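>>> Got a predicted structure plus its sequence, pasted below:
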Amino acid sequence: MIEFSSQNDFNLEDEERVEHWLKAAAVKESFGIESLGYVFCSDDFLLEINKQFLDHDTLTDIVTFDYTEGKILNGEIYISTDRVADNAKDFNVGFDVELRRVIIHGLLHMCGYGDKTYEEKEMMRAKEDEYLVLWNA
(Lines give C-alpha, C1' and ligand atoms only; values in the text may rest on other atoms or scores of the structure.)
Protein backbone atom coordinates (compact mmCIF):
# COMPACT_ATOMS: atom_id res chain seq x y z
CA MET A 1 0.00 0.00 0.00
CA ILE A 2 1.25 3.45 -0.91
CA GLU A 3 -0.41 6.51 0.59
CA PHE A 4 0.06 10.18 -0.22
CA SER A 5 -0.88 13.01 2.12
CA SER A 6 -0.04 16.69 2.62
CA GLN A 7 0.72 18.86 5.61
CA ASN A 8 0.46 21.93 3.37
CA ASP A 9 -1.75 22.89 0.43
CA PHE A 10 0.10 20.65 -2.07
CA ASN A 11 -1.97 18.19 -4.06
CA LEU A 12 -0.14 15.37 -5.87
CA GLU A 13 -1.49 14.97 -9.38
CA ASP A 14 -1.91 11.55 -10.98
CA GLU A 15 -1.48 9.58 -7.73
CA GLU A 16 -2.40 6.31 -9.43
CA ARG A 17 0.35 6.72 -12.04
CA VAL A 18 2.89 7.61 -9.34
CA GLU A 19 1.86 4.54 -7.34
CA HIS A 20 2.26 2.23 -10.35
CA TRP A 21 5.65 3.80 -11.13
CA LEU A 22 6.89 3.28 -7.58
CA LYS A 23 5.68 -0.33 -7.54
CA ALA A 24 7.45 -0.98 -10.87
CA ALA A 25 10.66 0.55 -9.50
CA ALA A 26 10.46 -1.59 -6.35
CA VAL A 27 9.99 -4.75 -8.43
CA LYS A 28 12.92 -3.78 -10.66
CA GLU A 29 15.04 -3.44 -7.50
CA SER A 30 13.74 -6.87 -6.31
CA PHE A 31 11.61 -5.44 -3.49
CA GLY A 32 7.97 -5.67 -2.56
CA ILE A 33 6.00 -2.91 -0.86
CA GLU A 34 4.05 -3.40 2.33
CA SER A 35 3.50 0.22 3.33
CA LEU A 36 4.91 3.50 2.08
CA GLY A 37 3.65 6.84 3.26
CA TYR A 38 4.63 9.95 1.33
CA VAL A 39 3.93 13.20 3.19
CA PHE A 40 4.29 16.49 1.33
CA CYS A 41 5.02 19.42 3.58
CA SER A 42 6.61 22.85 3.98
CA ASP A 43 10.24 23.69 4.73
CA ASP A 44 9.30 24.59 8.31
CA PHE A 45 7.51 21.28 8.89
CA LEU A 46 10.40 19.22 7.53
CA LEU A 47 12.99 21.32 9.38
CA GLU A 48 11.29 20.42 12.66
CA ILE A 49 11.37 16.71 11.73
CA ASN A 50 15.03 17.06 10.77
CA LYS A 51 15.85 18.70 14.13
CA GLN A 52 13.73 16.38 16.27
CA PHE A 53 14.65 13.02 14.78
CA LEU A 54 18.00 13.52 13.04
CA ASP A 55 19.51 16.36 15.09
CA HIS A 56 20.11 18.33 11.87
CA ASP A 57 19.32 22.05 11.86
CA THR A 58 19.26 22.38 8.07
CA LEU A 59 16.69 22.59 5.33
CA THR A 60 16.36 19.51 3.17
CA ASP A 61 14.09 18.29 0.42
CA ILE A 62 13.50 14.82 1.86
CA VAL A 63 13.68 12.81 5.06
CA THR A 64 13.16 9.06 4.84
CA PHE A 65 12.25 6.88 7.80
CA ASP A 66 13.08 3.37 6.67
CA TYR A 67 11.43 0.42 8.45
CA THR A 68 12.21 -2.08 5.69
CA GLU A 69 12.79 -5.67 6.69
CA GLY A 70 14.43 -7.94 4.17
CA LYS A 71 13.02 -7.29 0.73
CA ILE A 72 9.73 -5.72 1.85
CA LEU A 73 9.68 -1.91 1.85
CA ASN A 74 8.09 -0.11 4.78
CA GLY A 75 8.57 3.52 5.63
CA GLU A 76 7.60 7.15 5.75
CA ILE A 77 8.98 9.71 3.34
CA TYR A 78 8.60 13.42 4.01
CA ILE A 79 9.14 15.79 1.11
CA SER A 80 9.35 19.59 1.33
CA THR A 81 7.54 21.00 -1.68
CA ASP A 82 9.22 24.35 -0.92
CA ARG A 83 12.68 22.75 -1.37
CA VAL A 84 11.54 20.90 -4.48
CA ALA A 85 10.38 24.19 -6.02
CA ASP A 86 13.66 25.96 -5.16
CA ASN A 87 15.76 23.03 -6.40
CA ALA A 88 13.80 22.85 -9.65
CA LYS A 89 14.72 26.50 -10.28
CA ASP A 90 18.36 25.91 -9.27
CA PHE A 91 18.67 22.86 -11.56
CA ASN A 92 16.63 24.48 -14.34
CA VAL A 93 14.05 21.68 -14.49
CA GLY A 94 10.31 21.65 -14.09
CA PHE A 95 8.76 21.24 -10.65
CA ASP A 96 7.17 17.90 -11.66
CA VAL A 97 10.51 16.49 -12.84
CA GLU A 98 12.27 17.48 -9.63
CA LEU A 99 9.37 16.15 -7.55
CA ARG A 100 9.56 12.75 -9.27
CA ARG A 101 13.34 12.71 -8.70
CA VAL A 102 12.84 13.28 -4.97
CA ILE A 103 9.97 10.77 -4.76
CA ILE A 104 12.10 8.01 -6.32
CA HIS A 105 15.13 9.12 -4.26
CA GLY A 106 13.28 8.16 -1.07
CA LEU A 107 12.34 4.75 -2.42
CA LEU A 108 15.93 4.15 -3.57
CA HIS A 109 17.21 4.94 -0.06
CA MET A 110 14.91 2.25 1.25
CA CYS A 111 16.29 -0.16 -1.37
CA GLY A 112 19.77 0.36 0.11
CA TYR A 113 21.23 3.15 -2.00
CA GLY A 114 23.14 5.84 -0.13
CA ASP A 115 24.23 9.34 -1.01
CA LYS A 116 26.97 10.23 1.46
CA THR A 117 30.07 9.58 -0.63
CA TYR A 118 30.83 10.78 -4.16
CA GLU A 119 30.46 7.24 -5.49
CA GLU A 120 27.13 6.75 -3.71
CA LYS A 121 25.85 10.07 -5.05
CA GLU A 122 26.85 9.09 -8.58
CA MET A 123 25.04 5.74 -8.28
CA MET A 124 21.98 7.38 -6.73
CA ARG A 125 21.81 9.96 -9.54
CA ALA A 126 22.15 7.22 -12.18
CA LYS A 127 19.33 5.25 -10.55
CA GLU A 128 17.13 8.35 -10.30
CA ASP A 129 17.74 9.02 -14.00
CA GLU A 130 16.92 5.40 -14.85
CA TYR A 131 13.55 5.65 -13.13
CA LEU A 132 12.79 9.07 -14.57
CA VAL A 133 13.17 7.42 -17.99
CA LEU A 134 10.83 4.64 -16.83
CA TRP A 135 8.26 7.33 -15.91
CA ASN A 136 8.29 8.54 -19.51
CA ALA A 137 8.23 5.06 -21.07
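Nice, thanks for sending it over. Quick caveat: nothing in here was measured; it's all calculated off a predicted structure. Residues are numbered from 1 along each chain as shown.
>>> Point out where the protein drops to low pLDDT.
55, 137 (pLDDT under 70).
>>> For the protein, just list every one of the helices.
Using DSSP state H, the helices of the chain run over 15-28, 43-54, 81-90, 95-110, 118-136.
>>> Can you give the contact residues for the longest one?
Okay, so that is helix 118-136. Contact with helix 118-136 is made by 21, 24-25, 28, 97, 100-101, 104-105, 108, 113-115, as judged by CB atoms under 8 Å, 6 or more residues apart in numbering. Just so you know, the C-beta spots here come from the backbone N, C-alpha and C atoms, and that holds for glycine as well.
>>> What of the shortest one?
Contacts with helix 81-90, where a contact means CB under 8 Å, 6+ apart, come from 8, 10, 40-43, 46, 59-62, 94-95, 97-99, 102.
>>> what do you get if the cut-off is 10 Å, keeping everything else the same?
For helix 81-90, contacts defined as CB atoms under 10 Å, 6 or more residues apart in numbering pick out 6-10, 12, 40-47, 59-62, 80, 93-103.
>>> quick revisit: quick check, nearest of the contacts of helix 118-136 to residue 76?
Comparing the contacts of helix 118-136 against residue 76 with CB to CB places residue 105 closest, at 14.3 Å.
>>> Compute the number of surrounding residues for the closest residue to residue 104 other than its chain neighbours.
Among residues not flanking residue 104 along the chain, residue 131 sits closest, at 4.6 Å (CB to CB, 6 or more residues apart in numbering). By other CB atoms under 10 Å, 21 other residues sit near residue 131.
>>> Next: residue 99.
Number of residues near residue 99 (other CB under 10 Å) recorded here: 23.
>>> Quick one: residues contacting it.
10, 12-13, 18, 40, 61, 79, 81, 84-85, 87-88, 93.
>>> Quick one: buried ones out of those?
Taking 16 or more other CB atoms under 10 Å as the criterion, what is buried in these is 10, 12, 18, 40, 61, 79, 81, 84-85, 87-88.
>>> what about residue 128, distance to residue 26?
Using CB to CB, to the nearest Å, one gets 15 Å for the distance from residue 128 to residue 26.
>>> and what of residue 100?
15 Å.
>>> Going by neighbour count, which of the contacts of helix 118-136 are buried?
Buried by 16+ other CB under 10 Å: 21, 25, 100-101, 104-105, 108, 113, out of the contacts of helix 118-136.
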